[in-house]
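Undergrad: following is a predicted model, sequence given first.
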Amino acid sequence: MYIALLSGWYTPWMCFHYTRSMKEFISFEQICKDCKTLSEHIQAFGADKIVAISRGGLVPAAIIANLLNIRYVGSIALASYDEDKKQSDIVCLAQPNVEIDEKTVFIDDLYDRGQTYKYVKEHFPQAKVAVIYNKNKNAKLDFPAKFMDSDLWLVFPWEVE
């Protein structure tokens, strides 16, 4: 970063790219602990269906469904990153495979810019959305989420390289 500034070819994009390259590796044990905390809020709400938002929400949804003994679990396939891991518009690859009602909770791993969250709230207004981690302190969420620094790139245990 310092060399780029001295040589005169610094751009604001480089600063964004540089800060986003700081990674926070989250252990499976931490995921389980944070899912347990979130599941207590979902249980208090009285959810009877879970829809995992693929792919990031698949593992958390399974953990939470197990903790709450919810057997009615479905999924929706949404994509907000292209092949180069750059954020793009939300694309629905597969609709939910369960009937959505006011006791349905969609589960995702992360609220970053909020595109996925907003997509679900817009297309399924009767349902609630839960995320484990929130990187936007101004986000209005249906359930409390663990706050994480917005400059970190979160790496989950299921993201095998």
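TA: Done, it's in.
Undergrad: so the residue most central in space within the chain, which of the three states?
TA: Nearest to the mean C-alpha position of the chain, counting by Cα atoms, centre = their mean, stands L110 at 2.3 Å. What DSSP: H, G, I helix; E, B strand; the rest coil gives for L110 is strand.
Undergrad: could you list every residue that touches it?
TA: L110 is in contact with G56, V131, I132, Y133, N134, K135, L154, counting by Cβ atoms under 8 Å, 6 or more residues apart in numbering. Glycine gets a C-beta too; all of them are placed from N, C-alpha and C.
Undergrad: count of neighbours near the residue nearest to the first one when sequence neighbours are not counted?
TA: If the residues on either side of it in the chain are set aside, G56 comes closest to D109, at 3.6 Å by Cβ to Cβ, 6 or more residues apart in numbering. Neighbouring residues of D109 were enumerated by other Cβ atoms under 10 Å; the total is 26.
Undergrad: can you pull the contacts of D109?
TA: Shown in contact with D109 (Cβ under 8 Å, 6+ apart): G56, G57, V59, P60, V131, I132, Y133, L154, F156.
Undergrad: which ones among those map onto strands?
TA: V131, I132, Y133, L154 (DSSP state E).
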